[in-house]
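> no sequence on this one, just coordinates:
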């Protein structure tokens, strides 16, 4: 589950949920109980020739977010707004 921790009301409702496959393979993104998308389709590269470690997506709040790997040494993945 991914939550907006920048606001007091955002922490109570998840923006989306991600489910990985076996051995941490790409799985699915759940925007709502009725709306599930394959992770490969949902997490698109920030630029066409860019790294697979930097992706972007639109969450249920209709805002664009970035999904980046190891932007900070103490975090595996970071989700942020551009």
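Received the coordinates, thanks. These figures come from a predicted structure and were not determined experimentally.

> Give me the neighbour count for residue 81.
10 (other CB atoms under 10 Å). Backbone N, C-alpha and C define where each C-beta goes, glycine included.

> nope, residue 29 is what I meant
Around residue 29 there are 21 residues (other CB under 10 Å).

> Was I right to think residue 19 contacts residue 25?
No - between residue 19 and residue 25 there is no contact under CB atoms under 8 Å: 10.7 Å.

> Hmm, residue 76 is touching residue 69, no?
Yes - applying CB under 8 Å as the test, residue 76 and residue 69 come out as touching, 7.1 Å apart.

> quick one: which of those two has more around it?
Remark: of residue 76 and residue 69, residue 69 carries more neighbours, 13 against 7, as counted by other CB under 10 Å.

> Now do the same contact list for the more buried one.
Shown in contact with residue 69 (CB atoms under 8 Å, 6 or more residues apart in numbering): 53, 54, 76, 77, 78.

> the strands in the chain, which residues?
When secondary structure is read from DSSP state E, the chain shows strands at 17-19, 28-32, 35-38, 44-45, 54-58, 64-69, 77-80.

> would you turn those strands into TSV with distance to residue 3?
As requested, these are exported to TSV (distance: least, CB to CB, whole Å):
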stretch	distance to residue 3
strand 17-19	10
strand 28-32	14
strand 35-38	18
strand 44-45	22
strand 54-58	15
strand 64-69	12
strand 77-80	10
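
> Could you dump those strands into a markdown table and include mean pLDDT and distance to residue 1?
Shown next, in a markdown table, are these (pLDDT from 0 to 100; distance: least, CB to CB, whole Å):
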| stretch | mean pLDDT | distance to residue 1 |
| --- | --- | --- |
| strand 17-19 | 81 | 5 |
| strand 28-32 | 81 | 9 |
| strand 35-38 | 86 | 14 |
| strand 44-45 | 84 | 21 |
| strand 54-58 | 86 | 14 |
| strand 64-69 | 86 | 14 |
| strand 77-80 | 81 | 11 |
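
> phi, psi of residue 72?
Backbone geometry at residue 72, expressed as degrees, to the nearest 10, gives phi -120, psi 140.

> From residue 71, how far out is the residue lying closest to it once chain neighbours are set aside?
Leaving aside its chain neighbours, residue 72 sits nearest to residue 78 (6.2 Å; criterion: CB to CB, 6 or more residues apart in numbering). As judged by CB to CB, to the nearest Å, residue 78 and residue 71 stand 5 Å apart.
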